[in-house]
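A.B. asks: Quick one, what's the 3D model for this:
(one chain, ligands or ions: 3)
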Amino acid sequence: MGKTETSSRSSDEFGAPRHVAIIMDGNGRWAASRGLPRGEGHRRGVEALRRTVRAAGDLGISYLTIFSFSSENWSRPAKEVSDLMVLLRRFIRNDLAELHASNVLVRVIGEREGLDPEIAKLLQEAEDLTRHNTGLTLVIAFNYGGRQEIARAARGVAEEVAAGRLAPQAVTPELLYRFFDAPDIPDPDLLIRTSGEQRLSNFLLWQAAYSELVFLPVHWPDFDRAALEKAIDEFRRRERRFGGLVAKTGS
Ligand code: IPE
Ligand code: IPE
Ligand code: MG
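C.D. replies: Ligands and ions are numbered 1, 2, ... in the order given. This next block holds a predicted model:
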């Protein structure tokens, strides 16, 4: 005991993170180092994702957000983009029933407008089918960019102001956040990036304000439960202050 009540930004009494976000990076390098096509790295990346979802559930994590495709990833060669789209469609088609049976609730963040209608439909189906599940919440960041999400929220606020329903003075960080893609989901406690790169690449820019960042040298296709536990151990050793002086109180 001796700790302040848990809030949306603190972790549970064992120091486990409530919300883990992952930048699943390094598929291409994993493949290249084995003389395999990049697509094979992405395919093996989906297997790592399956393992990770299971491990996150077992470890009592409440929210797992995964960066599956960024707003900027469209700039990759057409063949690679199409490989990634095939894998996403396959993941939802093949795994949705199992995710649902495991009581996983699926949410999707990112720009939906302009998406391939078949993909948009699958994403919607995943959300609809699992809406009432009470286990792990799996947040899929697809066609996602942090700056784009902030701009969408700003547009939502601007529309309310223009319509006379909102006074400019009422715009606070909390109010703006209500216009984000998943405003009911707490900020990530722990943000992991695999592959050794140490940058956010436009992922959860707003939400990661006080996340603990852990960079692992492993490429995503090699990520497993042990790697997740290692990141969580590192998280437990961190002292979170939220700008204050007392660790882990968030105030
Ligand atoms: C992450 O692996 C998957 C996506 C970005 C969709 P990469 O494809 O970025 O792999 P590297 O970084 O080139 O090794
Ligand atoms: C971030 O990785 C996007 C995803 C993991 C989906 P990238 O590989 O696209 O990022 P950069 O280009 O190395 O910054
Ligand atoms: Mg990469």
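A.B. asks: Could you use CA atoms for every contact and neighbour count after this?
C.D. replies: Will do.
A.B. asks: where along the stretch 151-251 of the chain do the helices fall?
C.D. replies: Assignment of helices within the stretch 151-251 of the chain using DSSP state H, counting those that start in this stretch yields the ranges 173-177, 225-237.
A.B. asks: among the ones you listed, which is nearest ligand 1?
C.D. replies: helix 225-237 (16.7 Å; Cα to the nearest ligand atom).
A.B. asks: what is the mean pLDDT for that closest one?
C.D. replies: Averaged over helix 225-237, pLDDT sits at 98.
A.B. asks: elements contacting that helix?
C.D. replies: Under the contact definition 3 or more Cα pairs under 8 Å, 6 or more residues apart in numbering; DSSP states H and E, helix 225-237 sits against helix 38-58, strand 190-193, strand 212-215.
A.B. asks: residues making contact with that helix?
C.D. replies: The list of residues contacting helix 225-237 from outside it, by Cα atoms under 8 Å, 6 or more residues apart in numbering, reads 15-17, 51-52, 55, 190, 192, 212, 214, 216.
A.B. asks: at 7 Å what do you get?
C.D. replies: Applying Cα atoms under 7 Å, 6 or more residues apart in numbering, the external contacts of helix 225-237 come out as 15-16, 52, 55, 190, 212, 214.
A.B. asks: Show me which of those are buried.
C.D. replies: Burial by neighbour count, 16 or more other Cα atoms under 10 Å: within the contacts of helix 225-237 this picks out 16, 52, 55, 190, 212, 214.
A.B. asks: out of those, which one sits closest to residue 110?
C.D. replies: Of all the buried ones among the contacts of helix 225-237, residue 110 sits closest to residue 190, with 20.0 Å by Cα to Cα.
A.B. asks: Quick one: name the residues of the stretch 151-251 of the chain near ligand 1.
C.D. replies: Not one residue of the stretch 151-251 of the chain sits near ligand 1, judged by Cα under 6 Å from any ligand atom.
A.B. asks: Can you pull out the low-pLDDT segments for the stretch 151-251 of the chain?
C.D. replies: Applying pLDDT under 70 to the stretch 151-251 of the chain flags the ranges 247-251.
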